[in-house]
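Trainee: starting from these lines, generate the structure:
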Amino acid sequence: MSARRAKIKPSSKKQSSAAVRATDTTVDLTRLLDIVATFPRRTICVVGDFVLDQFVSGEISRISREAPVLILRHRRTEAYPGGAANAVNNLADLGARVLPVGVVGDDEGGKILLDYFRGKRIDTSGIFRTRDRATTTKTRYLAGWTHTTEQQVLRVDSEPREELPERVEESLSRKARKNAKNADAVLVSDYGLGAASPEIVRKLSAKRMTLDSRYRLLEYRDAAITAATPNEPELEAAYHLTVGNDMQKLEESGQRTLRDLGLEALLVTRGKDGMALFERSAGKEARLRNIAIYGSDAPVDVTGAGDTVIAVFTLALAAGASYLEAAHLANYAGGIVVMKRRTATVTRTELEAVLRREATAQR
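Mentor: Prediction:
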């Protein structure tokens, strides 16, 4: 196959002059295929908050006489790895060796996650079970008629309110330091539950370290983070602003995040507006490059898509990709996974198939 180059046009919405000057997003698709081919030779340490995603499906039976609510006839209950566990699952399906570090409860939810990973031959020695708190579980209730698509009608989150016990935190930190040294990259997945706190991350020594933090992005100053992948609302929350269609605000907040965290790169996911990649250049102002979404702008299910993005982005960097190449691979993977239902993953075969199809279309 001859090398083909994909050109993604910048967003048509209002942009600052600096953003317009920095929108060259040309990538070599054959080069991306070569990078993906090396995924099985990479080892990624994932330090983060493990979650069990449950989906309870029911057929709409009637309206309750007790309250104006639907009564559902239970069909099935499904469980999938969520949060940092979803990042681990994506990495495994992409062929990488994964070294997960996290905490689950000594309960049924924790058993489900551990059994799932063992079934995929993922090393679970870094996943600690504790009786001090339950496994974080997010339960989504889905309703539908016999021949209609199910819709989410309710979500119930069961999250621990107490801090991690000191002994568990020490064990987790010790294991994270050990695994980080044996990995090509460290992926930090922080859902605010304590297993990937800034204090733990600051003690890690890694070749490269990526961050996805739900609530406290800016608390990872001086944590030697290489790159971060917040979504636009997380960036807005960090600086108490609204980006909307204002590309100037996006650029200013992105540049500010690079400086505040000392990052080499920042990848902001923007839903239907694609991605914005900020990359630091030696002696120059950081470049902003806009990447249009791959696939449909009407996703089937966005649950866990951010976990897929950082998993592919991190693995690509570990495989020698540039930040732009890694961002494109993450963009393709995100476009694939949002067309699947439930908390899903992208396989290496699926990613390669999309790249080959894109290369053929460019001929």
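
Trainee: tell me what whichever strand or helix holds residue 349 is packed against?
Mentor: Taking DSSP states H and E as the criterion, the element that holds residue 349 is helix 348-361. For helix 348-361, the packing partners by 3 or more C-beta pairs under 8 Å, 6 or more residues apart in numbering; DSSP states H and E come out as helix 29-37, helix 323-337. C-beta: built from backbone N, CA, C; applies to glycine.

Trainee: run the chain-centre distance for that helix.
Mentor: In this view, helix 348-361 has its centroid 21 Å away from the chain centroid, taken as C-alpha atoms, centre = their mean, to the nearest Å.

Trainee: contact partners of that helix?
Mentor: The contact list for helix 348-361, computed with C-beta atoms under 8 Å, 6 or more residues apart in numbering, reads 1, 4, 6, 29-30, 32-33, 36-37, 39-40, 93-95, 294, 312, 329, 332-333, 335-336.

Trainee: equivalent analysis for stretch 193-200, please.
Mentor: By C-beta under 8 Å, 6+ apart, the list of residues contacting stretch 193-200 reads 47-50, 84, 101-103, 136, 159-160, 163-164, 169, 172-173, 176, 188-190, 213, 216, 219-220, 223.

Trainee: span of that stretch from start to end?
Mentor: 12 Å (C-alpha to C-alpha, to the nearest Å).

Trainee: can I get the buried part of the contacts of helix 348-361 as one PyMOL selection?
Mentor: Selecting the buried subset of these in PyMOL, with 16 or more other C-beta atoms under 10 Å as the burial test, is done by:
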select buried, resi 4+6+29+30+32+33+36+39+93+94+95+294+312+329+332+333+335+336
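
Trainee: about what we covered before: which of the contacts of stretch 193-200 fall in strands?
Mentor: Using DSSP state E, the subset of those located in strands is 47-48, 50, 101-103, 136, 188-190, 213.

Trainee: how about CSV for those, with neighbour count, distance to residue 300 and pLDDT added?
Mentor: CSV is the format used below for these (neighbours: other C-beta atoms under 10 Å; distance: C-beta to C-beta, whole Å; pLDDT from 0 to 100):
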residue, neighbour count, distance to residue 300, pLDDT
47, 30, 30, 98
48, 30, 25, 98
50, 32, 25, 98
101, 32, 31, 98
102, 27, 28, 98
103, 27, 31, 98
136, 25, 25, 97
188, 32, 28, 98
189, 29, 23, 98
190, 26, 27, 98
213, 24, 26, 97
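
Trainee: about what we covered before: closest one to residue 141 among the helices and strands packed on helix 348-361?
Mentor: In terms of C-beta to C-beta, the element of those nearest to residue 141 is helix 323-337, at 21.9 Å.

Trainee: which helices and strands sit right next to that closest one?
Mentor: Going by 3+ C-beta pairs under 8 Å, 6+ apart, helix 323-337 lies up against strand 27-28, helix 29-37, strand 265-269, strand 275-281, strand 284-291, helix 305-318, helix 348-361.

Trainee: please enumerate the helices of the stretch 151-300 of the chain.
Mentor: Remark: helices assigned in the stretch 151-300 of the chain by DSSP state H, counting those that start in this stretch are 166-181, 198-201, 232-239, 247-261.

Trainee: what of the stretch 1-150 of the chain?
Mentor: 17-21, 29-37, 84-93, 108-119.

Trainee: turn the ones you listed into CSV, including mean pLDDT.
Mentor: Supplementary listing: the helices of the stretch 1-150 of the chain in CSV, determined by pLDDT from 0 to 100:
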stretch, mean pLDDT
helix 17-21, 40
helix 29-37, 97
helix 84-93, 98
helix 108-119, 98
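
Trainee: nearest to residue 232, out of those helices?
Mentor: Nearest to residue 232, of the helices of the stretch 1-150 of the chain and by C-beta to C-beta, is helix 17-21 at 14.6 Å.
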